[in-house]
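My questions concern the predicted model and sequence given below.
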Amino acid sequence: MILAKKVPTAILMLGVCLTVSAAEKSRSVEITLVRDGKPNATIVVAKDPTPSAHLAALELQYHIQKITGAVVPVSTDREETAGTRILVGESKQTSILGIKGDDFKSLEYLIQIRPNTIVLIGRDWRDTEENRKELGRSTYGHALESYRNRIDYHKATGRGAQGAKFITLPGFFDDQGTCYATYHFLEQCCDVRWYGPTELNIVFPSQKTLTVRGGTIRRSRDLKHVHATGGSWPIIKVQWNNPNGDELNLYWRRMRVGGEKWAGNHTIHGSTVRSIFSDAEYQAKGRGQGQPGLLHQPQAHPEDRPSGS
């Protein structure tokens, strides 16, 4: 009888625990970033932000302004701020919360909406002399460094009248989790869509008050590698409103081009395709090992090998 009485109690307590756990996971927080056309938050970055965090802060400010007309200020983690904070990238404030960029895997990011605080962060590449020495080339044969494009951000966003604002974009194959978090946030919480690189191709709501809702999302990119930067006529001329180079380079980041370091290269020549597919011996001996018509090539220099090899 004693056992019979305790079992239902244990089941009841388990049910309560499961209910509380589910409530914690599904809890949603609401934050107003702009109210009646006036900023109600501050974007906070480190004093020396990563290229990813720097771009993410500018993109967040730009799109919120396009939606509401309000310019949300950007400050560093060395400055005092009051009210709602949007923490973009690793900073003193995220460290206080126990969140560090190095705790994330490559391509992983976090969106966390807390009372009075939004965190947008992920693993980011740091611009150091040592990191710039990394070897590797893309499928198109370009060195990693060549993908860290320098652009005029104001020109790329149609604000050239304000003067030039040059920034260095994160490279296609550099870690840029903070950018991924910010673009995810703009899409899912602010209803922004990019259908091309010019302002004509961007869709966003028009409203004086911007309120976002959510909880915690920690995830990694579904597509680990994206490398398709086409944009020839008539796409550029007609569908994309004839964008300039800076607009195109910014658009590729919004589309999350790049990702995991991977590249493919040629292993055969067109003149040898027939002999290769008709001679299984090629698979055993490999390229340049005495097959008719195959060209022998010396071992590739390390700098010529695909990224991540």
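Cool, got the structure.

Name the residues that touch the strand or helix carrying residue 151?
Using DSSP states H and E, residue 151 maps to strand 150-152. Residues from elsewhere that reach strand 150-152, judged by Cβ atoms under 8 Å, 6 or more residues apart in numbering: 160, 164-169, 245-246, 249-250. C-beta here means a position set from N, CA and C on the backbone, and glycine is covered the same way.

again, only using 10 Å
55, 157, 159-160, 163-169, 244-250, 253 (Cβ atoms under 10 Å, 6 or more residues apart in numbering).

Filter the residues you listed down to the buried ones.
Those of the contacts of strand 150-152 that meet the buried threshold are 55, 157, 167, 169, 246-250, 253, by 16 or more other Cβ atoms under 10 Å.

quick one: which of the residues you listed sit in strands?
Counting by DSSP state E, these place residue 167 in strands.

Once you drop chain neighbours, what's closest to the residue most central in space within the chain?
In the chain, the residue lying closest to the centroid (Cα atoms, centre = their mean) is residue 180, at 2.5 Å. Spatially, and ignoring its direct neighbours in sequence, residue 180 is nearest to residue 109 (4.6 Å; Cβ to Cβ, 6 or more residues apart in numbering).

How far does stretch 126-136 sit from its chain's centre?
Remark: stretch 126-136 is offset 19 Å from the chain centroid, using Cα atoms, centre = their mean, to the nearest Å.

mind exporting it as PDB, just the C-alpha atoms?
The C-alpha coordinates for stretch 126-136 follow below in PDB (Å, rounded to 0.1, in the frame of the first residue of the first chain):
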ATOM      1  CA  ARG A 126      39.900  37.900 -35.900                       C
ATOM      2  CA  ASP A 127      42.100  40.200 -38.100                       C
ATOM      3  CA  THR A 128      45.600  39.400 -36.900                       C
ATOM      4  CA  GLU A 129      48.900  39.100 -38.700                       C
ATOM      5  CA  GLU A 130      49.000  35.400 -37.900                       C
ATOM      6  CA  ASN A 131      45.500  34.700 -39.200                       C
ATOM      7  CA  ARG A 132      46.300  36.500 -42.400                       C
ATOM      8  CA  LYS A 133      49.100  34.000 -43.100                       C
ATOM      9  CA  GLU A 134      46.600  31.100 -43.500                       C
ATOM     10  CA  LEU A 135      47.200  29.300 -46.800                       C
ATOM     11  CA  GLY A 136      44.500  28.100 -49.100                       C
END
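
Buried ones in that stretch, by neighbour count?
126-127, 136.

try stretch 65-84
Buried residues in stretch 65-84, counted by 16+ other Cβ under 10 Å: 65-68, 70, 72, 74, 77, 84.

From those residues, which land in helices?
Of the buried residues of stretch 65-84, the ones assigned to helices by DSSP state H are 65-68.

that older thread, how much space separates the residue nearest to the centre of the chain from residue 132?
Distance of residue 180 to residue 132, computed by Cβ to Cβ, to the nearest Å: 22 Å.

pLDDT averaged over stretch 135-154 - what is it?
Averaged over stretch 135-154, pLDDT sits at 91.

again with stretch 212-226
Mean per-residue pLDDT for stretch 212-226: 94.

Run the chain-centre distance for it.
Worked out by Cα atoms, centre = their mean, stretch 212-226 lies 9 Å from the chain centre.

First-to-last residue distance for it?
Counting by Cα to Cα, to the nearest Å, you get 29 Å between the two ends of stretch 212-226.

tell me which residues in it are buried?
For stretch 212-226, using 16+ other Cβ under 10 Å, the buried residues are 212, 214, 221, 225.

beta partners of the second one?
Which is residue 214. Residues in a beta bridge with residue 214, per DSSP bridges, are residue 29.

what about the residue nearest to residue 51 when sequence neighbours are not counted, how many neighbours?
Excluding the flanking residues, the one nearest residue 51 by Cβ to Cβ, 6+ apart is residue 170, at 4.4 Å. Residues contacting residue 170 under the criterion other Cβ atoms under 10 Å number 25.

what's residue 170 in contact with, if anything?
Taking Cβ under 10 Å, 6+ apart as the criterion, residue 170 is in contact with 50-56, 124-125, 127, 147-149, 176, 178-179, 253, 258.

before we move on, what about residue 216?
Residue 216 makes contacts with 25, 27-29, 110-114, 119, as judged by Cβ under 10 Å, 6+ apart.
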